[in-house]
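Enquirer: pasted the sequence and its predicted model underneath.
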Amino acid sequence: EIYTLSLHDALPISEIGGDFYELVELDSGRLLVAVGDVAGHSIHAATVMVELRHALRAFAVDGHAPTEILDKLERVLRHFHPTEFATLCLVELDLGRNVARIANAGHLPPLLVEPTSAAYLPVHGPMLGLRRQHPPEAVVALGCSWEIVLVTDGLVEDRLTDLDRGMEQLRGAVSFHVAPEQLCDALIERFGQDKPDDVALLVLRRP
């Protein structure tokens, strides 16, 4: 099996943000992929981000399912930072069965790209910090060849472009026939220039 992974992290020099990604190798050929964003631009937001990232990794290694991880992170945030909020999307890939289990806490949904189509997966849920229970993860059967694009909203939203329009522009800009590294560069070149927010972009592909 050939697996290609590309990621881009663009941070304004003048600010520190709460965007993050995480990759955790699990047993039985599974991989947990996470992309999240802690609200705000400050050292405090970055500190909260680091705490959530380390807690996420520990919960994943302990064998918890994506929704269970979100519920546990909700309790962590409520206990240590009761006034903070964060979005987070978790994708657990079972490479042997070619299945994804996805749990989303208020984050942009994953964009599933196949050779002839690209569509956002309808996976939604409340953001972390709202003190609400998260719905069960969605189970998605993947095709023989696929690509998953995960981003933070800084890539597709700004003062001139609303989120829905930006997401649709991103969907139309992806291509399965471009190498992941080149796709990341092209998306950052088109959408990530002179943005006031930090950006995280993650592309995973099974060709």
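Expert: Cool, the structure landed.
Enquirer: next up, the contacts around the nearest residue to Gly129 once chain neighbours are set aside.
Expert: Nearest residue to Gly129 in three dimensions, chain neighbours excluded: Phe85, at 3.7 Å (CB to CB, 6 or more residues apart in numbering). C-beta coordinates here come from the backbone N, C-alpha and C atoms, glycine included. By CB atoms under 8 Å, 6 or more residues apart in numbering, Phe85 lies in contact with Val38, Ala39, Met127, Leu128, Gly129, Leu130.
Enquirer: need those in JSON lines with distance to Leu95, can you?
Expert: Shown next, in JSON lines, are the contacts of Phe85 (distance: CB to CB, whole Å):
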{"residue": "Val38", "distance to Leu95": "29"}
{"residue": "Ala39", "distance to Leu95": "33"}
{"residue": "Met127", "distance to Leu95": "29"}
{"residue": "Leu128", "distance to Leu95": "27"}
{"residue": "Gly129", "distance to Leu95": "32"}
{"residue": "Leu130", "distance to Leu95": "33"}
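Enquirer: which of the residues you listed sit farthest apart?
Expert: Greatest spacing in those, by CB to CB: Val38 and Leu130 (14.0 Å).
Enquirer: nearest spatial neighbour of the residue most central in space within the chain, skipping sequence neighbours?
Expert: Closest residue to the average C-alpha location of the chain: Val35 at 2.8 Å, with CA atoms, centre = their mean. Closest residue in space to Val35, ignoring its immediate chain neighbours: Leu150 at 4.2 Å, by CB to CB, 6+ apart.
Enquirer: look up how far Val38 lies from Leu150.
Expert: 16 Å (CB to CB, to the nearest Å).
Enquirer: quick one: which of those two has more around it?
Expert: Taking other CB atoms under 10 Å, Leu150 and Val38 do not tie; Val38 has more neighbours (29 against 22).
Enquirer: count of neighbours near the closest residue to the more buried one other than its chain neighbours?
Expert: In space, and not counting its chain neighbours, Val38 is closest to Gly18: 2.9 Å by CB to CB, 6+ apart. Gly18 has 25 neighbours, counted by other CB under 10 Å.
Enquirer: repeat that for the one 4 residues further on.
Expert: Using other CB under 10 Å, Glu22 has 18 other residues around it.
Enquirer: what do you get for Leu183?
Expert: Leu183 is flanked by 23 other residues according to other CB under 10 Å.
Enquirer: looking at this, it is in a strand?
Expert: No: assigned with DSSP: H, G, I helix; E, B strand; the rest coil, Leu183 falls outside any strand and is helix.
Enquirer: need phi/psi at the closest residue to it other than its chain neighbours.
Expert: With sequence-adjacent residues excluded and distances taken as CB to CB, 6+ apart, Leu183 is closest to Val203, at 5.8 Å. The phi/psi pair for Val203 (degrees, to the nearest 10) reads phi -130, psi 120.
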